[in-house]
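Undergrad: Let me see the structure of the following:
(one chain, ligands or ions: 1)
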Amino acid sequence: VIRLFVSGDLAAGATVAVTPEQSHYLANVMRLRSGDRLVVFNGLDGEWEASVDALGKRDARLVAGDKLRDQTTEPDVELIVALVKRPRLETIVEKATELGVRRLRPVITERTNADHTNLGRLRAIAIEAAEQCERMDVPEILEPVKLRTVLDGWDDGRRLMFCDEAGDAAPAAQALALAERAPWAILIGPEGGFSPSERTRIRALASAAPVSLGPRILRADTAAIAAMTLWQATLGDWRRA
Ligand code: SAH
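TA: Next up is the predicted model:
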């Protein structure tokens with residue numbers, strides 16, 4: 001079944017606005033016909049059945065039918081990740097979306113050298129992953145800012161799972177098992193790691209929990225997936241409420 005993220009309001013009988021790209025996909029790639037059914041969601045109004053009312057090459061018209069599922073939100077965990085090279089950052093966006101991240105915050109650290117960011121492309125990857133994995137919303141992807149700015153404005157109500165490969169951090173699974181359910185963020189550094197002064201600054205946050213992901217040095221994308229997995233399994237929606 002085709003599942004599309006759309007931007008307009010959804011209600012029974014309402015016309016569903018789709019982009020020219022989505023129209024092209026429905027008409028020319030998936031070859032839908034008038035009357036065919038699909039599933040749509042917009043991150044606000046739940047998930048709806050929709051049917052094709054009219055289908056031009058670049059302007060499909062869909063009409064919403066029955067509501068299939070009520071809106072839900074993802075657990076309050078955000079991923080703060082250094083701007084690593086593009087393919088790895090794109091992997092992180094796709095996998096973190098599937099793993100239920102609520103927000104992605106790319107950051108510029110002292111040892112970040114990648115200065116690419118095509119937020120539009122990252123958002124498109126997040127949308128595609130959300131459509132595929134059946135989540136009910138698309139994670140927010142923020143403009144990159146300096147790590148220092150994020151730390152200076154830190155809200156102590158949000159715990160920080162600081163993924164620190166330096167060796168003296170507590171094993172992640174053990175640290176999270178003892179932790180409270182609260183809003184959380186996960187912090188992953190660049191390929192060159194955090195500088196000593198960044199580590200000191202991060203560890204000085206009252207809400208930071210430095211954790212180890214084992215004795216091997218992981219690439220940033222692997223570390224992000226491993227950290228999200230552990231968080232979801234211990235504090236997130238992979239466990240019973
Ligand atoms: N400083 C390293 C590479 C950093 S790996 C070096 O060049 O030797 C990129 C990021 O992944 C790190 O900053 C950290 O946030 C995370 N990471 C990788 N391996 C990890 C581990 N074993 N434990 C905790 N975090 C890890």
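Undergrad: Ile80 is in contact with Phe194, correct?
TA: No: here Phe194 does not reach Ile80: they are 11.8 Å apart, not a contact under Cβ atoms under 8 Å. Using the backbone N, CA and C atoms, a C-beta is placed for each residue, glycine as well.
Undergrad: residue boundaries of the helices in the chain?
TA: Secondary structure of the chain (DSSP state H): helices at 20-24, 86-98, 119-133, 147-152, 172-177, 196-203, 220-234.
Undergrad: What separates the first and last residues of stretch 181-198, distance-wise?
TA: For stretch 181-198, the first-to-last residue distance is 26 Å (Cα to Cα, to the nearest Å).
Undergrad: buried set for it?
TA: For stretch 181-198, the neighbour count (16 or more other Cβ atoms under 10 Å) marks 184-190, 193-194, 198 as buried.
Undergrad: Establish whether that stretch and the ligand are in contact.
TA: Yes: for a cut-off given as Cβ under 6 Å from any ligand atom, stretch 181-198 has contacts with the ligand, namely 188-189, 191-194.
Undergrad: got JSON lines for the residues you listed, with pLDDT and distance to Ala60 too?
TA: Formatted as JSON lines, the residues of stretch 181-198 next to the ligand follow (pLDDT from 0 to 100; distance: Cβ to Cβ, whole Å):
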{"residue": "Ile188", "pLDDT": "98", "distance to Ala60": "39"}
{"residue": "Gly189", "pLDDT": "98", "distance to Ala60": "43"}
{"residue": "Glu191", "pLDDT": "93", "distance to Ala60": "42"}
{"residue": "Gly192", "pLDDT": "94", "distance to Ala60": "46"}
{"residue": "Gly193", "pLDDT": "96", "distance to Ala60": "48"}
{"residue": "Phe194", "pLDDT": "97", "distance to Ala60": "47"}
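Undergrad: Show me which of those residues is closest to Gly214.
TA: Distance to Gly214 across the residues of stretch 181-198 next to the ligand (Cβ to Cβ) is lowest for Ile188, with 14.4 Å.
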